[in-house]
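Novice: from the sequence below, what's the structure:
(2 chains)
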There are 2 protein chains.
Amino acid sequence: MQAIVKMAAGVVVLSAVAVLARQGIGKAQDAAPQQSQQPAFTQDGKLIRPTGYEEWVMVGASTGLSYVQSRTPPVAGAAPGMFHNVYLQPWAYRYAMDHRALPENAMFVLTFYEASRKSNPARAGFYEGDRMSGFEVHLKRKGVDSTGWGFYGFGSDTTASAAKLPGSAPCYACHKTEAAFDNAFAQFYPALRARLLQKPDSELRSAP
Amino acid sequence: MQAIVKMAAGVVVLSAVAVLARQGIGKAQDAAPQQSQQPAFTQDGKLIRPTGYEEWVMVGASTGLSYVQSRTPPVAGAAPGMFHNVYLQPWAYRYAMDHRALPENAMFVLTFYEASRKSNPARAGFYEGDRMSGFEVHLKRKGVDSTGWGFYGFGSDTTASAAKLPGSAPCYACHKTEAAFDNAFAQFYPALRARLLQKPDSELRSAP
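Specialist: Purely as a prediction, here's the structure:
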């Protein structure tokens, strides 16, 4: 009887150990990194400013990328327009690689930098100069819009929360029509392009 | 006496629980993500090709960045030269943010992409097209070179390991003289620049 009690106690102890160990792992792998990588909302439905995105997966950079033709001809040697970086949560990136799909609550964060050649020893080309305050978010979430995605503009780095841009904003229609994969411009993001579109850039449809 | 034994047993159990929980956390936070983010070497001292760096912290992108003046004048509207992305291990990035220093075994990985405007709806500017095979590594490690850093060139994505470039390679002298922080071109990397140099790009010394 004593042996049974001891064994029972042992099982309880081992279960407790297993549960706690699992919680420990869970905390580090799932909750800790991911809670700050999930969209959060105010009571009235505004998106709370995401933080730490500069450590997310940078899926693609661009310079002066625009979807409308410039009205002024380019000047030789001129700066190429602003740098844009696009970040995606690491867990969403891994999901995309594993499942060839973008998961619910995926957020693309778009940041902006001056194109600079100011500092030594740069003699040609451009690097990312000072970051502009503010950024934009593209969030995949059922029900926010008929496209299943919402756009949010954070006018400055201190903007605490942002309301969803209305569905009449041109970004919705443009992304729906022109984005190569599920409203996301995967055609501009090297690693996502390779996995989601399964085509190299050289085989993508040409701009007219 | 029975109560003391019970209490003692309780302490042992709690300690075991604490140790296991800690190991669980340790495994997830330190070993699992970091082992693949540490430099590893062949028996004859070559650096084994790092993997997964596209998920590391992208510290700075650039286009056509060069440390020598071009001999041919720039052509209006021409592609701005290749995109370069520079990645740093997440743990090394966090160390840099916390300690204002670059840790031993930090690795910068430099990747290359065509500048493209091929795909719709791009009408101006450039995005990162196909990635060139191969990349370069700049590793901080005592003893590899008098500067405390080694350069390694992986000629293609399938190059299994790379010998350290000899100390006579021009990159060593250039980085030693021109890099703004500990042989690293922190002046070109927005977040590292802000933390390590504590200056915005606009206050950096101008190129002549």
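
Novice: for the rest of this, base every contact and every neighbour count on C-alpha atoms.
Specialist: Noted.

Novice: now do the strand or helix carrying residue A:98: everything it contacts.
Specialist: Assigned by DSSP states H and E, residue A:98 falls within helix A:90-99. Helix A:90-99 is touched from outside by A:34, A:56, A:57, A:101, A:102, A:103, A:106, A:192, A:195, A:196, B:55, with contacts defined as Cα atoms under 8 Å, 6 or more residues apart in numbering or on different chains.

Novice: any chance you could map the helices in chain A?
Specialist: For chain A, the helices defined by DSSP state H occupy A:2-26, A:32-35, A:90-99, A:170-178, A:190-192.

Novice: what average pLDDT does the last one get?
Specialist: Per-residue confidence for helix A:190-192 averages out to 94 on the pLDDT scale.

Novice: is any part of that helix close to chain B?
Specialist: Yes: applying Cα under 8 Å from any Cα of the partner chain, one finds helix A:190-192 in contact with chain B at residue A:190.

Novice: can you give me the offset of the helix holding residue A:98 from its chain's centre?
Specialist: 11 Å (Cα atoms, centre = their mean, to the nearest Å).

Novice: residue boundaries of the strands in chain A?
Specialist: With DSSP state E, the ranges of strands along chain A come out as A:47-48, A:57-66, A:83-88, A:107-116, A:124-131, A:135-140, A:149-154, A:161-162.

Novice: what is the first one packed up against?
Specialist: Translated: strand A:47-48. For strand A:47-48, the packing partners by 3 or more Cα pairs under 8 Å, 6 or more residues apart in numbering or on different chains; DSSP states H and E come out as strand A:161-162.

Novice: let's see that with 10 Å instead.
Specialist: With contacts taken as 3 or more Cα pairs under 10 Å, 6 or more residues apart in numbering or on different chains; DSSP states H and E, strand A:47-48 sits against strand A:149-154, strand A:161-162.

Novice: can you check the third one too?
Specialist: Counting contacts by 3+ Cα pairs under 10 Å, 6+ apart, strand A:83-88 packs against strand A:57-66, strand A:107-116, strand A:124-131, strand A:135-140, strand B:57-66, strand B:124-131.

Novice: and that strand, what's buried?
Specialist: A:83, A:84, A:85, A:86, A:87, A:88 (16 or more other Cα atoms under 10 Å in any protein chain shown).

Novice: what lines up beside it in the sheet?
Specialist: If you go by DSSP bridges, strand A:83-88 pairs up with strand A:57-66 (antiparallel), strand A:107-116 (antiparallel).

Novice: I'd like to check the angle between that strand and strand B:124-131, please.
Specialist: 50 degrees (axes from the mean of the first three to the mean of the last three Cα atoms, to 10 degrees).

Novice: with pLDDT and distance to residue A:47 added, can I get the buried residues of strand A:83-88 in JSON lines?
Specialist: Shown next, in JSON lines, are those (pLDDT from 0 to 100; distance: Cα to Cα, whole Å):
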{"residue": "A:83", "pLDDT": "96", "distance to residue A:47": "25"}
{"residue": "A:84", "pLDDT": "97", "distance to residue A:47": "21"}
{"residue": "A:85", "pLDDT": "98", "distance to residue A:47": "20"}
{"residue": "A:86", "pLDDT": "98", "distance to residue A:47": "18"}
{"residue": "A:87", "pLDDT": "98", "distance to residue A:47": "17"}
{"residue": "A:88", "pLDDT": "98", "distance to residue A:47": "16"}
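
Novice: quick check: buried residues in the helix holding residue A:98?
Specialist: Applying a neighbour-count criterion of 16+ other Cα under 10 Å, one finds A:90, A:91, A:92, A:93, A:94, A:96, A:97 buried in helix A:90-99.

Novice: then stretch A:102-117?
Specialist: Buried residues in stretch A:102-117, counted by 16+ other Cα under 10 Å: A:102-103, A:105-117.

Novice: same check, this time on stretch A:190-205
Specialist: Neighbour-count burial for stretch A:190-205 flags A:190, A:191, A:192, A:193, A:194, A:195, A:196, A:197, A:200, A:201 (criterion: 16+ other Cα under 10 Å).
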